[in-house]
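*Asks:* Here is a sequence with its predicted model. Questions after.
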Protein chains: 2
Amino acid sequence: MRIGELAAQTGLTVKTIRFYEQAGVLPEPARRPSGYRDYDAGALARLRFVKAAQTAGLTLAEIGQVITAREHGGPPCRHVTALLDAHAANLDRRIAELTALRADIRRLRDRADGLDPAACDDDAVCHVIPTTTPPGARGPARR
Amino acid sequence: MRIGELAAQTGLTVKTIRFYEQAGVLPEPARRPSGYRDYDAGALARLRFVKAAQTAGLTLAEIGQVITAREHGGPPCRHVTALLDAHAANLDRRIAELTALRADIRRLRDRADGLDPAACDDDAVCHVIPTTTPPGARGPARR
DNA sequence: GTAAAGCCTCCCCTGCACTGGAAGGTCAAG
DNA sequence: CTTGACCTTCCAGTGCAGGGGAGGCTTTAC
């Protein structure tokens, strides 16, 4: 099938499929005499895997590693479970960060309701944001 | 004071300070005859505000808006509290997303322990990641 | 026969907050 | 006089996952 049909069947855009090929998560397909890409059912399965792995939070680079491991050796399951574990740990950390940031914002917000807007001074720009570090701050959240 | 001293006093890098100036969150300072930037205490206060606002989760663009509002009108407190509210709502959404993703990963991980690594098939790359959408999937998390 | 849709490659753009490096000017100490 | 620290501007790149559009073939439908 041609790239447009593959896109329709996977819900991806044509651009994205070509990008995946260049990113190394989708093998280069056969070409028709015209130069058009010609995909088989394997491409469909592959793209389903890529989508599922993305949904599980893996990056394209990691997915590429898994695929390479698969092609150069045995089943990459151990690698995959290690990636899942690492992502789970990352998520735990990020969730904790965001939750703390959420609490800080709530504190600022509550405090703001009791402040006089006219009392803002120029240098500090706005006294709703105290320039003395609020309790519980751990530096800017990485995004 | 020169830029290096300001950097030392704020804990930022010289590069970052110049970047902030270009990003519009720090006004252009006076210049010495040599062309060197020459900062006063206002710059220190301003950078403290920028850091505090970043800690509260605002982007540089938003901080720039707050500063512009401050310069072109009265106190920007209402603007700031609106931003804080928007960020709080965003955080709630992102925390929920990440928590759901975390639960999905935990499910995959638990399932993986009961699977046979040799049973991976080629098209699916690795059966630890099921290509049929797992229950509770809501699409890739935005990062 | 012609128009429209589809495909090709190529290169640049997005957001976010910086970071690195090149090529050169300035200033104080030894 | 030279060394070295400090400063200047400008350009480019990072990570991540694509998106936009130009300019030009190919295929399909009428």
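*Replies:* Arrived safely. Numbers count the residues shown, from 1 in each chain, chains lettered A, B, ... in the order given.
*Asks:* what's next to stretch A:41-53, contact-wise?
*Replies:* A:6, A:9-10, A:12, A:17, A:20, A:25-27, A:29, A:60, A:62-63, A:66, B:123-126, B:129-134 (Cβ atoms under 8 Å, 6 or more residues apart in numbering or on different chains). Yep, even glycine has a C-beta here, placed from its N, CA and C like the rest.
*Asks:* how about it, does it get close to DNA strand D?
*Replies:* No - applying Cβ under 7 Å from any atom of the strand, one finds stretch A:41-53 separated from DNA strand D by no less than 7.8 Å.
*Asks:* hmm, back to that, please indicate which of the contacts of stretch A:41-53 are buried?
*Replies:* Buried members of these, counted by 16 or more other Cβ atoms under 10 Å in any protein chain shown: A:6, A:10, A:12, A:17, A:20, A:25-26, A:29, A:62-63, A:66, B:124-126, B:129, B:131, B:134.
*Asks:* Could you report the pLDDT at the residue in chain A that DNA strand C sits nearest to?
*Replies:* For chain A, the residue closest to DNA strand C is residue A:4, as judged by Cβ to the nearest atom of the strand, at 2.3 Å. On pLDDT, residue A:4 comes in at 97.
*Asks:* And for residue A:75?
*Replies:* 71.
*Asks:* ok, now residue A:116?
*Replies:* On pLDDT, residue A:116 comes in at 78.
*Asks:* so who does it touch?
*Replies:* Residues near residue A:116 by Cβ under 8 Å, 6+ apart: none.
*Asks:* can you check residue A:111 too?
*Replies:* Contacts of residue A:111 by Cβ under 8 Å, 6+ apart are residue A:128.
*Asks:* wait, does the helix or strand harbouring it make contact with DNA strand C?
*Replies:* With secondary structure defined by DSSP states H and E, residue A:111 is part of helix A:77-112. No - judged by Cβ under 7 Å from any atom of the strand, helix A:77-112 stays clear of DNA strand C, getting no closer than 12.9 Å.
*Asks:* Could you list the buried residues of that helix?
*Replies:* Buried residues in helix A:77-112, counted by 16+ other Cβ under 10 Å: A:77, A:79-81, A:83-84, A:87-88, A:91, A:94-95, A:97-98, A:101-102, A:104-105, A:108-109, A:112.
*Asks:* Kindly report the same for stretch A:16-23.
*Replies:* For stretch A:16-23, by 16+ other Cβ under 10 Å, it's A:16-17, A:20-21.
*Asks:* related to what we said a few turns ago, so which other helices or strands are in contact with the helix or strand hosting the residue of chain A closest to DNA strand C?
*Replies:* Using DSSP H and E, residue A:4 sits within helix A:3-10. Based on contacts counted as 3 or more Cβ pairs under 8 Å, 6 or more residues apart in numbering or on different chains; DSSP states H and E, the elements that helix A:3-10 packs against are helix A:14-23, helix A:41-55.
*Asks:* what comes into contact with the first one?
*Replies:* I take that to be helix A:14-23. A:3-4, A:6-7, A:10, A:12, A:26-29, A:47, A:50, A:60-61, A:64.
*Asks:* quick check, nearest of these to DNA strand D?
*Replies:* Distance ranking of the contacts of helix A:14-23 against DNA strand D, using Cβ to the nearest atom of the strand, places residue A:60 first at 3.5 Å.
*Asks:* any chance of the buried residues of stretch A:16-23 in a markdown table, with pLDDT and distance to residue A:70 too?
*Replies:* Output for the buried residues of stretch A:16-23, formatted as a markdown table (pLDDT from 0 to 100; distance: Cβ to Cβ, whole Å):
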| residue | pLDDT | distance to residue A:70 |
| --- | --- | --- |
| A:16 | 96 | 22 |
| A:17 | 97 | 20 |
| A:20 | 96 | 16 |
| A:21 | 96 | 17 |
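*Asks:* farthest pair in the residues you listed?
*Replies:* Using Cβ to Cβ, the buried residues of stretch A:16-23 span at most 9.9 Å, a distance reached by A:16 and A:21.
*Asks:* Tell me which residues are up against the helix holding residue A:4.
*Replies:* Against helix A:3-10 from outside (Cβ under 8 Å, 6+ apart): A:1, A:12-14, A:16-18, A:36-37, A:39, A:43-44, A:47-48, A:51.
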